[in-house]
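1. Give me coordinates for this.
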Amino acid sequence: MINKPKIAVLCNNRMAVPALQSLHAEGRLCAVGVAEGNTDVIDFCSWLSQSGIPLFIISKENRSSQIIEMLDTTAADYILTMTFPWKISPELLHDYPDTFYNFHYGLLPEMRGADPVFESLRSRAKETGITVHAIDEAIDRGAMILKKNIPLTADMTHGSLCTRLSWLGAGLLHELIVLLQAKVKGTQQDEQLARYFPKPGIADVCISWQKQDAETIEALARACNPWNKGVYTQWNGWNIRVVEATVVHGMDSHPGLPGTILSLDKEQGFIVKCNHDTHLRLDIVYTDEGFMSGHKLSAFGLKKGGQLINL
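-> Predicted coordinates for the structure are as follows:
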């Protein structure tokens, strides 16, 4: 009979929560480590202390010694990292072989990097998923133990996709544990297919009306919702973030430049010309004054024929 393995989790995001709950319900969870300063996740995990499961607050500088303490005090068989922000040291990987496995919330090797959820949505990929891989010294390059794909739909936001992936992660735990206990080494990644995407910077979350068409901007708005409260544009020195938008088909061609406001009323909504003579209705926007329907920006001086610009 195969013994029930003890599993510790290193996390830094709500995406790990369903997996934590599932492991706890099955009696497999033996410890949780959360990056220091993440008060939301730390507060959520406080319920663990009532179940006798230790919670480790991990610092970047002392993470190796703290992880060793976690292993020594709990006798964990495996440590799963789920959105953990720091690398596991080569020394730990050497001293504790076949112990560390990462949940990458995207498909490998095509979607390496810090935020594959953002990149999958921004690029309008047809599918995404979770890749569980062995951790090695190179980021996101370890052998793939298990991969689960899901389709991407046109209404998914960053927030809704994170929720979908978090439940997918909880659902694959049983299959993963069976593979790990069977000493499955996984499949090496094809480096010819690999692409790496750095963490989104300010240029990645700003609209370029002159370069981007309506479908591109609409997808970018979903990729920035809710974590960035939308994608940036500007009018008269005033920052506006587009939270939700709809591509508008069938409108007549307009001679104005991309970024021109073509409509700003309750009946038609806030419609803007984009590149390639495409059109986008800005349904929900965010400013320092709050979230509101796009057409309500008329109260702040925006008018038909006005020009939105890039930051």
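2. Tell me which other helices or strands the biggest helix by length in the chain touches.
-> Identified as the longest helix of the chain according to DSSP state H is helix 158-171. Secondary-structure packing of helix 158-171 (3 or more C-beta pairs under 8 Å, 6 or more residues apart in numbering; DSSP states H and E): helix 17-25, helix 116-122, strand 127-134, strand 144-151. Any C-beta I mention is one placed from the backbone N, CA and C, and that applies to glycine too.
3. which of those is buried the deepest?
-> Among the helices and strands packed on helix 158-171, helix 116-122 has the highest mean neighbour count (mean count of other C-beta atoms under 10 Å), at a mean of 24.
4. For the helix or strand bottoming out on mean pLDDT in the chain, buried residues please.
-> Here the helix or strand of the chain ranked lowest by mean pLDDT, DSSP states H and E is helix 39-44, holding a mean of 89. For helix 39-44, burial by neighbour count (16 or more other C-beta atoms under 10 Å) applies to 41, 44.
5. picking that back up, which of the helices and strands packed on helix 158-171 sits closest to residue 247?
-> Comparing those by their distance to residue 247 (C-beta to C-beta), the top pick is helix 116-122, with 15.0 Å.
6. Can you name the helix or strand that residue 262 falls in?
-> strand 261-265 (DSSP states H and E).
7. chain center to that strand: distance?
-> Strand 261-265 sits 33 Å away from the centroid of its parent chain (C-alpha atoms, centre = their mean, to the nearest Å).
8. from memory residue 145 sits against residue 186, does it?
-> Yes. Here residue 145 reaches residue 186: they are 4.2 Å apart, a contact under C-beta atoms under 8 Å.
9. Overlap of the contact sets of those two?
-> Shared contacts of residue 145 and residue 186 (C-beta atoms under 8 Å, 6 or more residues apart in numbering): 133, 134.
10. Run through the strands of the stretch 101-250 of the chain in chain order.
-> 112-113, 127-134, 144-151, 196-197, 231-235, 238-248 (DSSP state E, counting those that start in this stretch).
11. Which positions in the longest helix of the chain come out as buried?
-> Buried residues in helix 158-171, counting neighbours by 16+ other C-beta under 10 Å, are found at 158, 161, 162, 163, 164, 165, 166, 168, 169, 170.
12. how much space between the fourth one and residue 105?
-> Read it as residue 163. When distance is defined by C-beta to C-beta, to the nearest Å, residue 163 is 11 Å away from residue 105.
13. Find the residue closest to residue 224 in space, skipping its chain neighbours.
-> residue 231 (4.6 Å; C-beta to C-beta, 6 or more residues apart in numbering).
14. Report how many residues lie close to that neighbour.
-> 26 (other C-beta atoms under 10 Å).
15. Which residues are in contact with it?
-> By C-beta under 8 Å, 6+ apart, the residues touching residue 231 are 205, 206, 207, 217, 220, 221, 223, 224, 241, 242.
16. One more pass at 7 Å, please.
-> The contact partners of residue 231, taken as C-beta atoms under 7 Å, 6 or more residues apart in numbering, are 205, 206, 207, 220, 221, 224, 241, 242.
17. and the third one, how many neighbours does it have?
-> Other residues near residue 207 come to 29 when the count uses other C-beta under 10 Å.
18. now do the last one
-> The criterion is other C-beta under 10 Å. On that basis, residue 242 has 27 neighbouring residues.
19. Got the confidence number for it?
-> At residue 242, the pLDDT value in this model is 98.
20. And the helices in the stretch 201-311 of the chain, which stretches?
-> 214-223 (DSSP state H, counting those that start in this stretch).
21. how close does the nearest residue to residue 44 once chain neighbours are set aside get to residue 162?
-> Among residues not flanking residue 44 along the chain, residue 17 sits closest, at 6.6 Å (C-beta to C-beta, 6+ apart). Counting by C-beta to C-beta, the gap from residue 17 to residue 162 is 11 Å.
22. that older thread, would you convert the helices and strands packed on helix 158-171 into JSON lines that also reports distance to residue 57 and mean pLDDT?
-> Output for these, formatted as JSON lines (distance: least, C-beta to C-beta, whole Å; pLDDT from 0 to 100):
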{"stretch": "helix 17-25", "distance to residue 57": "16", "mean pLDDT": "95"}
{"stretch": "helix 116-122", "distance to residue 57": "26", "mean pLDDT": "97"}
{"stretch": "strand 127-134", "distance to residue 57": "25", "mean pLDDT": "98"}
{"stretch": "strand 144-151", "distance to residue 57": "28", "mean pLDDT": "98"}
